[in-house]
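**Q** Give the three-dimensional model of this entry:
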Amino acid sequence: MPEAAVLERTTVPGDEPRSGGQSEPVAAGPARRGGLRRLAGKAFRQSAGVAALLALWEIAPRAGLVDSVFLPPLSEVLKAGWTLLGNGQLAEHLGASLTRAGLGFAAAVALGVPLGLAIAWFPRVADYANPVLELFRNTAPLALLPVFVLVLGIGETSKVSLVLYAAVFPVVLGTIAGVRSVDPLLVKAARSMGFGHVALFGKVVLPGAVPSVFTGVRQAAAASILVLIAAEMVGARAGLGYLITAAQSSFAIPDMYVGVLAIALVGLVVNAVLTALERRASRWREQG
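**A** Have a look, this model is predicted:
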């Protein structure tokens, strides 16, 4: 029998040699499945602790390990949250807190990033600003709450200003640290290419400082929420802090825990959004 006929009869369809990168999809399947398994395992490990904590919250009051009057089961708290969500109270308090915190936080970022750039880049500005910065950043924001109330009143202005005060310092310090961590060789190279101050900041300094700046921004976001909640507990008629205080005063304990859970969820969402923005702004590092 001719050799060509033997080859023709014994060759299995699909075993023909492929040219170029046509064999890559065959190997990509197991690699993709392995990557999905790793992601699923990581997600499971990250959520297992939270799931265990929530399960303990549900079981401990029902088993008599803690007094259910002061720590109701999670299911009762969720039921109270659904009620508050249905009658619009939770949305009202959440909207009030987010508006105050958002305004103060946005103002802190808008003020803190340019101020941090100026302090880190211009020595004369640093000479004037550093003593003031060191003085006020070590003063607890809540210690100044009575001052803000006396000067600005008990309305929205004092609360937003207190959030601004608490959030601006992490942004300034993170920006300073980020600018000073930029490689001086990159700066010298950009200057030798004729970059002006604006182009130097936009092309070299800010991209290199992004990770440290966002670290300060995330700290500022956490400080905004915490300080605002404390301020709302003292003097407010709406907000998550007011909800917690009012529920505690009227002994509506499940409603109080609804406010606590809402604060935790807001913090998680804000941190996730800022982390995603940081990854998007730092994408050039991965590409490099």
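**Q** Can you point out the buried residues in stretch 76-84?
**A** For stretch 76-84, the buried set under the neighbour-count rule, 16 or more other CB atoms under 10 Å, comprises Val77, Leu78, Ala80, Gly81, Leu84. Heads up, the C-betas are built off the backbone N, CA and C, glycines and all.
**Q** meant to ask about stretch 180-195
**A** Counting neighbours by 16+ other CB under 10 Å, one finds that the buried residues in stretch 180-195 are Val182, Val187, Ala190, Phe195.
**Q** Off-centre distance for the strand or helix carrying the third one?
**A** I take that to be Ala190. Of the helices and strands defined by DSSP states H and E, Ala190 is found in helix 184-192. In terms of CA atoms, centre = their mean, to the nearest Å, the gap separating the centre of helix 184-192 from the centre of its chain is 32 Å.
**Q** Please name every helix or strand in contact with the next helix or strand after it.
**A** Scanning forward in sequence from helix 184-192 by DSSP H and E, the next helix or strand is helix 197-200. Based on contacts counted as 3 or more CB pairs under 8 Å, 6 or more residues apart in numbering; DSSP states H and E, the elements that helix 197-200 packs against are helix 184-192.
**Q** And for the helix it packs on, what's in contact with it?
**A** Contacts of helix 184-192 with the rest of the structure, by CB atoms under 8 Å, 6 or more residues apart in numbering, involve Ala199, Leu200, Lys203, Val204, Val205, Gly208.
**Q** Does the last one touch Gly178 like I think?
**A** Just to be clear, that refers to Gly208. Yes - the pair Gly208 and Gly178 passes the contact test of CB atoms under 8 Å, sitting 7.2 Å apart.
**Q** ok, those two, which is more surrounded?
**A** Comparing Gly208 with Gly178 by other CB atoms under 10 Å, the one with more neighbours is Gly178, at 24 against 19.
**Q** buried sites along whatever helix or strand the more buried one lives in?
**A** Applying DSSP H and E as the criterion places Gly178 in helix 156-180. Of the residues in helix 156-180, those scored as buried under the neighbour-count criterion (16+ other CB under 10 Å) are 158-179.
**Q** picking up where we left off before, which of the buried residues of stretch 76-84 fall within helices?
**A** Cross-referencing the buried residues of stretch 76-84 against helices under DSSP state H gives Val77, Leu78, Ala80, Gly81, Leu84.
**Q** so how far is Val270 from the second one?
**A** Looking back up the chat, that one is Leu78. For Leu78, the distance to Val270 equals 22 Å [CB to CB, to the nearest Å].
**Q** Once you drop chain neighbours, what's closest to Val234?
**A** Leu145 (6.5 Å; CB to CB, 6 or more residues apart in numbering).
**Q** what pLDDT does the one you found get?
**A** Leu145 is assigned a predicted lDDT (pLDDT) of 86.
**Q** List the residues that contact it.
**A** By CB under 8 Å, 6+ apart, the contact set of Leu145 is Leu162, Ala230, Ala231, Val234.
**Q** picking that back up, turn the buried ones among the contacts of helix 184-192 into a named PyMOL selection, would you?
**A** To isolate in PyMOL the members of those that are buried, counting by 16+ other CB under 10 Å, one can use:
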select buried, resi 200+204+205+208
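**Q** Leu111: which of the contacts of helix 184-192 is nearest?
**A** For Leu111, the closest of the contacts of helix 184-192 turns out to be Val205, at 18.2 Å, with distances computed as CB to CB.
**Q** How about the contacts made by that closest one?
**A** Contacts were defined as CB under 8 Å, 6+ apart; by that measure Val205 touches Leu117, Trp121, Val179, Val182, Val187.
**Q** Let me know the helix or strand that Ala107 is in.
**A** Secondary structure assigned from DSSP H and E places Ala107 in helix 89-121.
**Q** With Phe136 instead?
**A** With DSSP H and E as the test, Phe136 turns up in helix 123-137.
**Q** Asp255: what's it in contact with?
**A** Shown in contact with Asp255 (CB under 8 Å, 6+ apart): Ala80, Leu84, Leu243, Ala247.
**Q** mind checking the SS state of it?
**A** helix (DSSP: H, G, I helix; E, B strand; the rest coil).
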